[in-house]
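*Asks:* Let's see this in three dimensions:
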Amino acid sequence: MRGPLHELSAVGITGAIRRREISAREALDAHFERIDAVNGRINAVVTEDREGATALAAAADALTASSAPLPPLHGLPMTHKDTHNTKGLRTTQGSVVFKDFVPTVDDLIIARLKDAGVVTTGKTNVPEFAAGSHTFNDVFGTTVNPFDTSRSAGGSSGGVAAAIAARIQPLGDGSDMGGSLRIPASFCNIVGYRPSLGVVPAVPTRNAWSWLARNGLMARDVEDIALGMSAIAGSHAEVPYAYPVEGSFGSALQRDLTGLRIGWSADFGLGVPVDREVLRVLEGQLQVLSDLGAVVEEAAPDLRDADQVFTTTRAFDFVLAFRELVGKYGEVIKPEVRWNVEQGLQLTAQDLVDAALARTRLDAGVRRYFGTYDVFASPATQVLPFDASQRYPTSVNGVEFETYLDWMRSACVISATGLPAVSVPAGFSEDGLPVGLQLAMPHGSDVELLRVAHAFEQATGWARRAPDL
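*Replies:* Numbers count the residues shown, from 1 in each chain. Okay, here's the model as predicted:
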């Protein structure tokens, strides 16, 4: 017997619409009813378009009735991350600078979701210009965690993560430079997937050769991630990178892990400080992978150059993206963004040379690692969801952080490698706060990565635990 519509997965909703068990309008009504019921407590959805969504749902139902071929996400209600431009729907970037901005075109990821049948319903909250992994801004305030509304939902895809965890929707779009898909996924007990470069191209972009940030998806389970990726993945003429994925996102997720070689590291081989409770939870889950037949050993890639690669590349990207805005609006823009732009302005030619050499060494070290191991497993976050009144954590295990990025190193060093990575639910702290396991595999191994995550997810069942709202 089917439960409430808001509990259904994306696979469940689209399948029910396809079989004509429910209409797109019924799915939409359940979506808005859930927003009305819980959004006031978490502040995840910040812009709505009920009239436009109703028209889209009616068109979807008409298409169903016509017996024409249906797209893969047909009739699925979805709010979008507020850093992704949505044609005709306010997109603020979480900044007062753009609080009334209405784009005239969709970003590529949004266009592909719409082409796949998504019914766009609104936008979800972000930190200003997606800077930092805690979702707050001067336009809409703070998004909080559905599992504990005094805690952070993470960021920068924190609004969509909270919406998915709270059963407002099963699937959502996000982006990730320094963990913006993986950290909120870990904080909210959902799946956050950062693809290989070129899988979901960033269009439009000022720098076609940009490689650090990625567009991706979040969902309550891996099966929904795979469904969404089958709809939005693919090359684009405006991006010079080739589409790298081996296999199809539409293929079966079941995989025997017997003999799979997994290297695990609690500190990334760098002494990265991680909250003891996070490690207690994760180390207790390694046996699950062993029970599935994998060989789990303590081993990390050589990541000694990862911090330099990440900080230099991020600073370069920030000055390219935000220099003019910071110059024009100054202190209207939050200090973390201004600081990161200043870091970019201070870069020298030697800094860029050194970063290029460091990236080459980093890539070589990672390739050596995957000559022995198939998967690198690590903490998705260094901390548990923290007090939402903080701008960011300032220490862990007595180690003080110098910048707003230091508490995100668990995600940032993986970003620097360029590897596809996923955060999958891996348990809860003694206080009931979610913890995510981060898995990474070689470039292009995205389908295999999702299969490994799916096997872990199915064996543990952590992803099925819902917040009490």
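
*Asks:* so Ser248 touches Gly234, yeah?
*Replies:* No: Ser248 lies out of contact with Gly234 (C-beta atoms under 8 Å); the separation is 11.5 Å. Every residue, glycine included, has its C-beta placed from N, CA and C.

*Asks:* who has more neighbours, the two?
*Replies:* Gly234 (15 against 12; other C-beta atoms under 10 Å).

*Asks:* State the helix or strand in which the more buried one lies.
*Replies:* Under the criterion DSSP states H and E, no helix or strand holds Gly234.

*Asks:* didn't it look like it was pressed against Tyr243?
*Replies:* Yes: if you go by C-beta under 8 Å, Gly234 and Tyr243 touch, sitting 6.1 Å apart.

*Asks:* Could you verify my assumption that Asn137 touches Val97?
*Replies:* No: counting by C-beta under 8 Å, Val97 is not a contact partner of Asn137; they are 10.8 Å apart.

*Asks:* out of these two, which sits in the more crowded spot?
*Replies:* Asn137 (24 against 17).

*Asks:* Quick one, grab the pLDDT at the more buried one.
*Replies:* Model confidence at Asn137, given as pLDDT, is 98.

*Asks:* same check, this time on Ser67
*Replies:* For Ser67, pLDDT reads 87.

*Asks:* Arg2 now?
*Replies:* Reported pLDDT for Arg2: 69.

*Asks:* Could you shift the numbering so residue one becomes 16, and keep it that way?
*Replies:* Taking 16 as the first residue, the last one we looked at is Arg17.

*Asks:* now the strands for the stretch 116-265 of the chain?
*Replies:* Ranges of strands in the stretch 116-265 of the chain, per DSSP state E, counting those that start in this stretch, are 134-139, 151-152, 156-157, 159-160, 163-167, 186-191, 206-209, 229-234.

*Asks:* Centre-most residue in the protein?
*Replies:* Leu196 (1.7 Å; C-alpha atoms, centre = their mean).

*Asks:* With adjacent residues omitted, what lies nearest to Arg65?
*Replies:* Sequence neighbours aside, Phe47 is the residue nearest to Arg65 in space, at 6.4 Å (criterion: C-beta to C-beta, 6 or more residues apart in numbering).

*Asks:* oh, I was asking about Val390
*Replies:* Ile277 (4.6 Å).

*Asks:* Over to the closest residue to Gly447 other than its chain neighbours: give its phi and psi.
*Replies:* Spatial nearest neighbour of Gly447, chain neighbours left out: Phe162 (6.5 Å); criterion: C-beta to C-beta, 6+ apart. Main-chain dihedrals, Phe162, degrees, to the nearest 10: phi -80, psi -20.

*Asks:* pretty sure Phe162 contacts Cys203?
*Replies:* Yes: using C-beta under 8 Å, Phe162 is in contact with Cys203, at 7.0 Å.
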